[in-house]
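[1] here is my input; please provide its structure:
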Amino acid sequence: MTRIFVRLAAALCAGTALAGGALAAGAQAQPAAPPPIAERQLEDEVIYFVLPDRFENGDPRNDRGGLKGGPLQHGFDPAAKGFYHGGDLRGLTSRLDYIQGMGVTAIWFAPIFKNKPVQGKPGEESAGYHGYWVTDFTSVDPHFGTNAEFKAFVDAAHARGMKVYMDIIVNHTADVIDYAEGTYDYRSKGDYPFSRLGGPGGAPVNAGFAGDDNPDPANWAKLTDPAFAYTPKVAEAERNVKVPAWLNDTALYHNRGNSHWVGESSLYGDFSGLDDLATEHPRVVQGMIDIFGQWIDDYRIDGYRIDTAKHVNPEFWRAFVPAILKRAEAKGIKHFHIFGEIAYEEPTATIAAQVMADSHLPYALDMGFAKAAQMVASGKSPPRVMAEFLQQDAIYPGGAKTALGLPTFLGNHDFGRFSMFVRQMSGSDDEASLLARVRLGHAMMFLLRGVPTVYYGDEQGFISDGNDQLAREDMFASKVAVYNDNNLIGSDATTAQANFDPAHPLYKLVGELAAARTASPALRRGLSTVRAFEEAAPGLLAVERHDFESGQRVLVLFNTGETPLSRNVEVSYGARRVTPLVGQCPSAPAAPGSLAVTLPAYGFAACILETDD
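    Below you'll find the predicted structure:
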C-alpha cells in the first residue's frame, strides 16, 4: 500500500520538483486541493498571517472608522507607519483568490475587535491599526468594517475550504485606566499587598481576602478596594467605553504599574501601559469564556491565536482552553486550533514546553524554530543548531507528536521579517544570495515538522528595516516613505505600488512547497529523525520524516553553504527505491541504509523512500 500511495503522491506533485531550489524546466506547479475542512488535522494546514489594515482597502468609506476630526482623533494617516492605512475585511475578502493561490488552507489575521483609535503621550501617539488595544470585544472595529462583513469573510473562506483563525487578547485591554499618583513604576505584591492601602503600614482594606490564588468567588467578593498599590481613575469620557460592561470595573485589573517583563511583573504589570486584567478573578475567567465562546457560536471560526499568553496566569488557561474547545465541539468544530504566543528569541523548545505544560495550552507559536531557521538559513550558525532544536521535540507535553501542531514561522509583525534577519546575519546585501537563502528558509519551514505560517508580504519579497511598525508594510500601494525605499527581494517593485504578483518567485515557491506538503503525509504528520548535520560550519542538514499511519518516509535535505556538497546519508534500511518529491534525488540507495546525495549551494530536496511494506 505504501508503494501505491508514494506513486500517487508523486503524480499529484508532478511539475513541482524543485531542482536545487529552482523549479525544474517546464514544470507547471499548481497547489493540490486540500481535503475538506472537517477531514483535516491541525498539522495538515498551511497558514497565512495578515494584518487587515495593511492588506487591501476594499471600502475607502470606512478609512476613518466613522470618526470626526484629524488623525489624532480617527487614527487614519496612510503616510504614517503607526496609523491606520485603510485595509479592511472587504479588501481581505476580495483577495482570497490571491491567498488561496499559494496553497494556503487557513488564514490567521490580527485582531479585528473595536480598538481605542489613538493612544500615547503627546508627541508619541499611534493608532490601533494592529488591533491589540481593544475596547469592545463584541464588535468589529469600524475601520475594518462591520460584524456582517466579518461573517461574509468567514463564509467566503469556508466556501473555499479555508479555515479562519482569530487573534484574541485576554491579558489586557486598551489604556483607559490612569493612576492618581501620576507614576507608573511597577509595585510588587510584597511591597503593596492587597490588605493595605499604599504598603504594609497603610490602612487596612479588603478584610478577609485570602489572596488571588484562591479562586473561590466568595473570596473575590471581599476584594472591594482596588487602590492597594495605585489609585485607579478613569476619565469621564471613557468611564463606560469598554464592552461588555463588566470590563469597566477597575477592581478587575491588577493596577500595579508597568511590567518590566521579568518575574512577578511579567504576570501582574501593565503591558506598555495597557490595562492588565486580573485574570485570576473568576469574573474575568467566565467573562472571557463567554466573549470568545460567542464568536464561535456566531461565526463558526476554526481557531484562536492567543496574544501575550505567557503574561497570563496558568490557572486561567486551564479553565479557558477546555471551555473553548467544548464550545467549538458543540458547534461541530472538532478541529479547533488554539495556539498561544509565548515570546522569546532563542533556538530552544524549553521555554515554550514549560509554559505549555504549566498552562495546559495545547500548542504555541514556534518561536524556537523561527530563531533556529534565521540563524541556520542565513549561514550565521551551522545546521547543528536546527538539528539540536528538532531533537528537543520530545519535551513538549504529549511528546514529539505535539510538535507537529506547532505553527512554525520565519518572521512576523513583532520581531521583523525573515529577509531582514537573513541580511543582518549573513552580512551580505547581494540580492541573489539573499533570495537563495530566503528560499532555503521557506523550504525548511515547509519540509520540517510543524504548521508552516507565511507572514503576509514575505511571498512578495518584503524586507523590513526593523521590528514592530517597521515590519508592517502595505500590500496595496503605500504612502509610507520608510517602506517605499526598501529594496524588495526577488523583484524590481517597491511598496509604492500594489504587490499581489503571482509570478513573484517567492509566491511561486510557497505554492510549490505547499503542493508537495499537501501530497505527502510524511511532510504533514511525520515524526523527525535527524540523520546528518554539519557541526561547525554551513553545510548539510538531513532529517527523515516518518508517518506511521501511511508508512511513508521522506528524507528532507538542506545545504546552507555557498558551495555544492555530496554526502552519504543514513536512511531507513527498509528503503529500496527513491522518488523525488522536491528537488533532485538519487533513484535508489547506494547500499542498504545509505543514500548518496548531492545538493547545489543553498539547495534543498525531499526524497520519498519507498519500501516493500
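[2] so when I look at Arg437, I'm seeing a helix, right?
    Yes. The assignment for Arg437, made by DSSP: H, G, I helix; E, B strand; the rest coil, places it in a helix.
[3] how much space between the residue nearest to it when sequence neighbours are not counted and Val510?
    With sequence-adjacent residues excluded and distances taken as C-beta to C-beta, 6 or more residues apart in numbering, Arg437 is closest to Val422, at 4.9 Å. All C-beta atoms are positioned from the backbone trio N, CA, C, and that covers glycine. Distance from Val422 to Val510, counting by C-beta to C-beta, to the nearest Å: 16 Å.
[4] cool, and Gln460?
    Counting by C-beta to C-beta, the gap from Gln460 to Val510 is 10 Å.
[5] which one of these two has more residues nearby?
    Val510 (26 against 21; other C-beta atoms under 10 Å).
[6] wait, what's in contact with the more buried one?
    Going by C-beta atoms under 8 Å, 6 or more residues apart in numbering, Val510 touches Met102, Gly103, His442, Phe446, Val454, Glu459.
[7] where do the helices sit along the stretch 301-450 of the chain?
    Per DSSP state H, counting those that start in this stretch, the stretch 301-450 of the chain has helices spanning 314-330, 350-359, 367-377, 384-390, 400-403, 418-426, 431-447. These are given in chain order.
[8] end to end on stretch 471-480, go ahead and measure it.
    Terminal residues of stretch 471-480 lie 12 Å apart, using C-alpha to C-alpha, to the nearest Å.
[9] pretty sure Tyr98 is touching Pro502, no?
    Yes. The criterion here is C-beta atoms under 8 Å, and Tyr98 meets it with Pro502 at 7.0 Å.
[10] the two: which is more packed in?
    Tyr98 (18 against 12).
[11] need the phi and psi values for the more buried one.
    phi -60, psi -50 (degrees, to the nearest 10).
[12] for Leu390, see how far away it is.
    Distance, Tyr98 to Leu390, using C-beta to C-beta: 32 Å.
[13] likewise for Gly411?
    For Gly411, the distance to Leu390 - C-beta to C-beta - is 20 Å.
[14] ok, and the closest non-adjacent residue to Leu404?
    Nearest non-adjacent residue to Leu404 (C-beta to C-beta, 6+ apart): Glu43, at 4.2 Å.
[15] export the helices of the stretch 301-450 of the chain to CSV and tack on mean pLDDT and distance to Tyr132?
    Output for the helices of the stretch 301-450 of the chain, formatted as CSV (pLDDT from 0 to 100; distance: least, C-beta to C-beta, whole Å):
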stretch, mean pLDDT, distance to Tyr132
helix 314-330, 98, 18
helix 350-359, 98, 20
helix 367-377, 98, 18
helix 384-390, 98, 29
helix 400-403, 98, 27
helix 418-426, 98, 22
helix 431-447, 98, 25
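[16] output the ones you listed in a markdown table; the columns should cover distance to Arg239.
    Converted to a markdown table, the helices of the stretch 301-450 of the chain look like this (distance: least, C-beta to C-beta, whole Å):
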| stretch | distance to Arg239 |
| --- | --- |
| helix 314-330 | 26 |
| helix 350-359 | 33 |
| helix 367-377 | 38 |
| helix 384-390 | 49 |
| helix 400-403 | 44 |
| helix 418-426 | 43 |
| helix 431-447 | 47 |
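[17] winner for burial among those?
    Greatest average neighbour count among the helices of the stretch 301-450 of the chain goes to helix 367-377 (a mean of 26), per mean count of other C-beta atoms under 10 Å.
[18] what helix or strand is Arg567 on?
    strand 565-570 (DSSP states H and E).
[19] can you tell me which helices and strands that strand packs against?
    With contacts taken as 3 or more C-beta pairs under 8 Å, 6 or more residues apart in numbering; DSSP states H and E, strand 565-570 sits against strand 527-533, strand 540-546, strand 553-559, strand 594-599.
[20] can you redo the ones you listed as JSON lines with distance to Tyr253, mean neighbour count and mean pLDDT?
    What follows is the helices and strands packed on strand 565-570, written out as JSON lines (distance: least, C-beta to C-beta, whole Å; neighbours: other C-beta atoms under 10 Å; pLDDT from 0 to 100):
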{"stretch": "strand 527-533", "distance to Tyr253": "43", "mean neighbour count": "19", "mean pLDDT": "98"}
{"stretch": "strand 540-546", "distance to Tyr253": "46", "mean neighbour count": "23", "mean pLDDT": "98"}
{"stretch": "strand 553-559", "distance to Tyr253": "48", "mean neighbour count": "27", "mean pLDDT": "98"}
{"stretch": "strand 594-599", "distance to Tyr253": "55", "mean neighbour count": "20", "mean pLDDT": "98"}
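[21] which one, of these, ends up nearest to Arg64?
    strand 553-559 (47.8 Å; C-beta to C-beta).
[22] the closest one - contacts with which helices or strands?
    Short answer (3+ C-beta pairs under 8 Å, 6+ apart): strand 553-559 packs on helix 431-447, helix 521-525, strand 540-546, strand 565-570, strand 594-599, strand 604-610.
[23] so for Lys371, which of these sits nearest?
    Taking the helices and strands packed on strand 553-559 one by one with C-beta to C-beta, helix 431-447 is closest: 11.8 Å.
[24] the closest one: how far from the chain's middle?
    A distance of 19 Å separates the centroid of the chain from that of helix 431-447, by C-alpha atoms, centre = their mean, to the nearest Å.
[25] which element follows it toward the C-terminus?
    Past helix 431-447, the next helix or strand by DSSP H and E is strand 451-455.
[26] pretty sure Met444 sits against Ala373.
    Yes. Using C-beta under 8 Å, Met444 is in contact with Ala373, at 5.2 Å.
[27] so what sits against both of the two?
    Met386.
[28] before we move on, back to that, let me have the helices and strands packed on strand 553-559 in TSV, extended by distance to Tyr186.
    Output for these, formatted as TSV (distance: least, C-beta to C-beta, whole Å):
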stretch	distance to Tyr186
helix 431-447	37
helix 521-525	44
strand 540-546	43
strand 565-570	52
strand 594-599	51
strand 604-610	47
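[29] looking at the ones you listed, which is closest to Gly490?
    It's helix 431-447; of those, that one is closest to Gly490 (C-beta to C-beta) at 4.8 Å.
[30] next, the angle strand 604-610 makes with that closest one.
    30 degrees (axes from the mean of the first three to the mean of the last three C-alpha atoms, to 10 degrees).
[31] packing partners of helix 431-447?
    Secondary-structure packing of helix 431-447 (3+ C-beta pairs under 8 Å, 6+ apart): helix 367-377, helix 418-426, strand 451-455, helix 505-519, strand 553-559, strand 604-610.
[32] wait, which of those is closest to Ala477?
    So among these, helix 505-519 is nearest, using C-beta to C-beta, at 18.0 Å.
[33] distance from the chain centre to that closest one, please.
    Worked out by C-alpha atoms, centre = their mean, helix 505-519 lies 19 Å from the chain centre.
[34] what mean pLDDT does it get?
    If you average the pLDDT over helix 505-519, you get 98.
[35] put the alpha carbons of it into CSV.
    These are the backbone C-alpha positions of helix 505-519, laid out as CSV (Å, rounded to 0.1, in the frame of the first residue of the first chain):
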residue,chain,number,x,y,z
PRO,A,505,9.5,33.8,-7.4
LEU,A,506,8.7,33.5,-3.6
TYR,A,507,4.9,33.4,-4.3
LYS,A,508,5.5,30.6,-6.7
LEU,A,509,7.9,28.8,-4.3
VAL,A,510,5.3,28.9,-1.5
GLY,A,511,2.7,27.3,-3.8
GLU,A,512,5.1,24.6,-4.9
LEU,A,513,6.1,23.7,-1.4
ALA,A,514,2.5,23.8,-0.3
ALA,A,515,1.6,21.4,-3.1
ALA,A,516,4.4,19.0,-2.1
ARG,A,517,3.3,19.1,1.5
THR,A,518,-0.4,18.6,0.8
ALA,A,519,0.5,15.5,-1.2
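[36] per-residue pLDDT, the closest residue to Phe228 other than its chain neighbours?
    Closest residue in space to Phe228, ignoring its immediate chain neighbours: Phe194 at 5.2 Å, by C-beta to C-beta, 6+ apart. The model reports Phe194 with a pLDDT of 98.
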